[in-house]
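Student: sequence isn't available, so here's the structure alone:
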DNA sequence: ACAAATATTAACGATAACGTTAACCAATGT
DNA sequence: ACATTGGTTAACGTTATCGTTAATATTTGT
C-alpha cells in the first residue's frame, strides 16, 4: 500500500526519530539510553518510540534481567521499502536520460 | 549537512509531493499539468513546487514556445542522498547481524 | 488595447505534530 | 511495606503545515 510509505517518511522526517533509527541500526538499546543519547526527555522519547513502533520500524521487548527496561530494536523492512521506492524512481530517471541522449543524437 | 536530509524527507513525506516526484521521474511537466494530474488546485501545487524547488529536488524553467508555462524537472541529487543514508543504515544493520550470528556460534 | 490563460503570492482558517509538566503503572531493592 | 527506578500516558500550549479563496503579475491571442 502507498500509505505505508507516507507514514514511514513522515516518521523519518523528524530529526530525533532519525537519530534513534541511526542508533538502533548499531544495536538494540533501552528507551532511557536512547533518550539520554539524543538529549530528549523520557516522555518525548516515549512518544517518538510509539510512532516508530506503530509504523513497524522498531520493536520493544522487556529485558530478561530487568523487566523495567524496554529494549528497542530496529526492523529493516520499512527502510527497505523506502529504498525500493527510491531505486524505482532512479530507474525511471535513467530511462529519461536515455531518451534525452537519443534525442540529442537525432540532431 | 544533516539538515538537508531532514528537509528532503519532510518534503517527500507529503503524498502529493511524492506523486509529483514520481511523475517528474518519468519526464518534465508544466505546473498546470502536474496540478491536474494529481488533482490539486493551482495554488496548492505552486506551494508544493516551491517547497521542492527550495530543497533542490526540482527545477522550473520557462518553456521556449510559451513563456507562460513553467516546466519542472527532477534533480536526483537529493534522492541519491537519501538512498545513501539508507544504504549506510543497512550496512550497520548487517554488521549487527554478523555480531549476533557470532554470538550464537559461541554458545 | 483588451481579454484569456498560466502561474504565483497573500491572507485566512483548520488540522496535526512536537515538547513540557504532572500524574500513573509496573518492577526492583532495602 | 515502602521508596526508587524505568517507562508510559494525559493534558496543555505552541508552532508549523496544508488547502482554499482572492488578488497579482506576465504572457499570449484577437
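Tutor: In hand now; what should we look at? This is a predicted model, so every value here is computed, not measured.
Student: pLDDT value on residue A:50, please?
Tutor: As predicted, residue A:50 sits at a pLDDT of 98.
Student: for residue A:93, same thing?
Tutor: Residue A:93 carries a pLDDT value of 83.
Student: how about it, what does it touch?
Tutor: By Cβ atoms under 8 Å, 6 or more residues apart in numbering or on different chains, residue A:93 lies in contact with B:25, B:74, B:76. Placement of C-beta: from N, CA and C, glycine included.
Student: and DNA strand C, which of the residues you listed contact it?
Tutor: Among the contacts of residue A:93, not one lies near DNA strand C by Cβ under 7 Å from any atom of the strand.
Student: reformat those as CSV; add secondary structure, neighbour count and pLDDT.
Tutor: Shown next, in CSV, are those (DSSP: H, G, I helix; E, B strand; the rest coil; neighbours: other Cβ atoms under 10 Å in any protein chain shown; pLDDT from 0 to 100):
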residue, secondary structure, neighbour count, pLDDT
B:25, helix, 19, 95
B:74, strand, 25, 96
B:76, coil, 18, 93
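Student: which among the residues you listed gets closest to residue A:36?
Tutor: Distance to residue A:36, by Cβ to Cβ, is smallest for residue B:76 among the contacts of residue A:93, at 37.7 Å.
Student: next up, phi/psi of the closest one, please.
Tutor: Main-chain torsions, residue B:76, degrees, to the nearest 10: phi -80, psi 0.
Student: ok so, going back, so which of the contacts of residue A:93 reach chain A?
Tutor: Residues of these in contact with chain A (Cβ under 8 Å from any Cβ of the partner chain): B:25, B:74, B:76.
Student: how about the residues of chain A by DNA strand D?
Tutor: Counting by Cβ under 7 Å from any atom of the strand, chain A comes close to DNA strand D at A:30-33, A:35, A:42-43, A:45-47, A:49-50, A:60, A:68-70.
Student: apply 10 Å and report the result again.
Tutor: Contacts of chain A with DNA strand D, taken as Cβ under 10 Å from any atom of the strand, map to A:10, A:13, A:29-36, A:41-50, A:53, A:58, A:60, A:62-63, A:66-72.
Student: backbone dihedrals for residue A:55, please?
Tutor: The phi/psi pair for residue A:55 (degrees, to the nearest 10) is phi -90, psi 0.
Student: and for it, the neighbour number?
Tutor: Residue A:55: 19 surrounding residues under other Cβ atoms under 10 Å in any protein chain shown.
Student: quick one: pLDDT of it?
Tutor: Residue A:55 is assigned a predicted lDDT (pLDDT) of 95.
Student: which stretches of chain A form strands?
Tutor: A:29-30, A:58-62, A:70-74 (DSSP state E).
Student: quick one, what contacts the nearest residue to residue A:73 once chain neighbours are set aside?
Tutor: Counting by Cβ to Cβ, 6 or more residues apart in numbering or on different chains, residue A:73 lies nearest to residue A:28, which is 4.3 Å off, once chain neighbours are set aside. Applying Cβ under 8 Å, 6+ apart to residue A:28 gives the contacts A:71, A:72, A:73, A:74.
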